[in-house]
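Trainee: return a 3D structure for these sequence lines:
(2 chains)
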Amino acid sequence: MSLVENAPRHIPDRLRHPLQEKLVRWESLLLAVAVAIFILNSLASPYFLNAWNLSDATFNFTEKAMIAFAMALLIISGEIDLSVAAIIALASTAMGVAMEMGAGTPALVLVGLTTGLMCGAFNGALVTKLGLPSIVVTIGTMSLFRGISYIVLGDGAFRGYPSSFSWFGQGYVFWVISVELVIFAILAVVFGVLLHKTNFGRMVYAIGNNPTGALFSGVRVDRVKMTLFLLTGLMSGLAAVCLTSRLGSTRPSIASGMELEIVTMVVLGGVNILGGSGSIPGVVIAAFVMGLVTFGLGLLNVPGIVMSIFIGLLLIGVIALPRLWAMWRNNAR
Amino acid sequence: MNFTKLMTSVAVAAGLFAGPAAADDMRIALVVKALGIGFFEAAAEGAEEAAKEIGGVEIIYTGPTDTTAEGQIEVINSLIAQKVDAIAVSANDTDALVPTLKKAMQRGITVVSWDSGVAEDGRQAHLNPSSNALIGNMIIKLAADHLPDGGEVAVLSATTTSTNQNIWIDEMSKVMGNYGGIEVVSTVYGDDLADKSYREATGLMQSHPELDAIIAPTSVGIVAAAQAVADAGKIGQVNVTGLGLPSEMAGAIESGASKSFAIWNPIDLGYSATMLAHQLATEAATAEPGAEISIGRMGTITLDDTNAAAMADPFVYDASNIDDFKEIF
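Mentor: Next up is the predicted model:
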């Protein structure tokens, strides 16, 4: 016994070796998947490695990713917003109404963003003031927001947006770098800094891990959550501007089903669906993975049904892998 | 290990789908509203038939999983990337596809729409399955064909404000002179509701005991009318005809409540769209108002002021062919 007590004690300052930790990190794994998909795509189709084609492919994910960043923070904090696609529909409809009333491009953008913000405020108020579960609230507002669009538009459409408005969804900043891609990149940095480098970001993690603990540590839980709903609404408004500009028209069915693709992107990015953990770099890579997979399979004319099977398999595979890895390690010991 | 498994399946799938494509083949993409719909599967069959007839043409049959414009845009983007020669699309949205299809045309791809059209500046030509005049004529012809000695017919329409039905009935009235002895005794409205259409059809038979045929230019009305005739025990006396879907009308054809009805034939539509796309892509024809374009076995179409054309008379379905089509749509 005395031998053990006298032996120099080794207390690790971290649980795993830094290199090993980096290797098994979610983001590294996802990056490997992205690179593999990129290589497979270039081998499978002669059309893949072409600057313009790759540029076109980014439109598959840029709008979704804008919302996914805000959604990631929301999910980390333990909440969710399933009404985002419906917010796009309502914001787009509001822009259409404004356009009919003669609004110019700056006013249209303002209307889109404001509508998104207001929808976010509505969701946030229901969740934080009334204490309702966000999944139920946003399933409700999902029908509500889109319902309003259907009432306004019926089976009609708004068209004839000013030509300067098409810049957001169809414009290019430099060569093949589209406006949407630039917005995506800027937002990735902004949200990355917000989540990983600010007090606000720490609070988001704290709330997701233990809301009661966070509250008693002096975190204004409801205020943070409200901010996150507002951010998600604002990003949905921004996505509405880009999507409406890209389509050049508004129909009430715009962006239908997009909320699930966004949640898929967030979860694929390594954000724990139960809250508490996740990162923005993960979501960025996940956006590229989903964009590359859909575009690559599209080039091979794989039917969309098979494509969604692939996305599903990818999601399950990437989520199950760390769990399987842990089980295998435990068995090996 | 799961990772390798996943990657292997990706690689296998990639290998599977990267079929050999002869470089000199012309590639025509048939883009539909959504995959897995019988109507469009049949259209793809027609497209393949056209490709075989032309020779040296590869058909890419594709579309999104759901009937969304965004999904179709993703599909069209990947077709542009593949530099296909022509895109023939049945659009989920008249306007939303325009920017993407414009881009396709700028990159030298022939773009035509069929079935469900794209706004004029988003395509070179549009192929309608039929025209209002042809439909109006067809619905009365279907009734008259079985009434060589003339007789009383009644119309069971959708609502009083249904644009399509009103135009067709109007077109029908214009050609009534060609069908001597046929008299339209009444026009009633079932509002495209099964139960109301059924009651209206029953009412017609009561108020006109000599009624020989009911014309229903709506897929809801025609099924309800056939049911009403069967329930009234008037099969053989009153013939139900009009526009309907083979899958819904198979029972009525079998029982004899309906001798024949019409609707577009998706196989012909896919065939004609492919022919049209091929003609324009090879520059054998130009898309301009008044142009006459040959579409193989379906004859010739003439483009109107908006570069749109009607394919043909609606296709007639009866006991001889209903079994082939009832599974399709």
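Trainee: what's around residue A:281, how many residues?
Mentor: Neighbourhood size, residue A:281 [other CB atoms under 10 Å in any protein chain shown]: 18. (C-beta placed from N, C-alpha, C; glycine too.)
Trainee: tell me if I'm right that it and residue A:191 touch.
Mentor: No. Assessed by CB atoms under 8 Å, residue A:281 is found out of contact with residue A:191, at 10.3 Å.
Trainee: pairing partners for whichever strand or helix holds residue B:60, with directions?
Mentor: Per DSSP states H and E, residue B:60 falls inside strand B:57-62. In the sheet, strand B:57-62 lines up against strand B:26-31 (parallel) (DSSP bridges).
Trainee: next secondary structure after the partner strand?
Mentor: By DSSP H and E, the next helix or strand past strand B:26-31 is helix B:38-54.
Trainee: mean confidence score for that next one?
Mentor: Helix B:38-54 comes out with an average pLDDT of 89.
Trainee: elements contacting it?
Mentor: Packing contacts for helix B:38-54, counted by 3 or more CB pairs under 8 Å, 6 or more residues apart in numbering or on different chains; DSSP states H and E, involve strand B:26-31, strand B:57-62, helix B:266-281.
Trainee: which residues sit against it?
Mentor: Helix B:38-54 is touched from outside by B:28, B:30, B:32-34, B:57-59, B:61, B:63, B:88, B:90, B:115, B:247, B:266-275, B:278, B:296-297, B:327-329, with contacts defined as CB atoms under 8 Å, 6 or more residues apart in numbering or on different chains.
Trainee: buried residues in that helix?
Mentor: B:38-44, B:46-51, B:54 (16 or more other CB atoms under 10 Å in any protein chain shown).
Trainee: could you export the strand holding residue B:60 as PDB, CA atoms only?
Mentor: C-alpha atoms of strand B:57-62 as PDB (Å, rounded to 0.1, in the frame of the first residue of the first chain):
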ATOM      1  CA  VAL B  57     -30.200  10.100 -78.400                       C
ATOM      2  CA  GLU B  58     -29.800   9.400 -74.700                       C
ATOM      3  CA  ILE B  59     -32.800  10.300 -72.500                       C
ATOM      4  CA  ILE B  60     -32.000  11.500 -69.000                       C
ATOM      5  CA  TYR B  61     -35.300  11.100 -67.000                       C
ATOM      6  CA  THR B  62     -35.000  13.100 -63.800                       C
END
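Trainee: right, and the helix or strand after that strand?
Mentor: helix B:69-81.
Trainee: before we move on, back to that, which pair in the buried residues of helix B:38-54 spans the largest distance?
Mentor: For those, the maximum inter-member distance is 25.0 Å, found between B:38 and B:54 (CB to CB).
Trainee: nearest spatial neighbour of the closest residue to chain B within the stretch 51-200 of chain A, chain-adjacent residues omitted?
Mentor: Residue nearest to chain B within the stretch 51-200 of chain A (CB to the nearest CB): residue A:53, separated by 3.9 Å. Distances taken as CB to CB, 6 or more residues apart in numbering or on different chains place residue B:81 nearest to residue A:53, at 3.9 Å, with adjacent residues excluded.
Trainee: could you report the separation of that neighbour from residue A:250?
Mentor: The gap separating residue B:81 from residue A:250 is 27 Å, by CB to CB, to the nearest Å.
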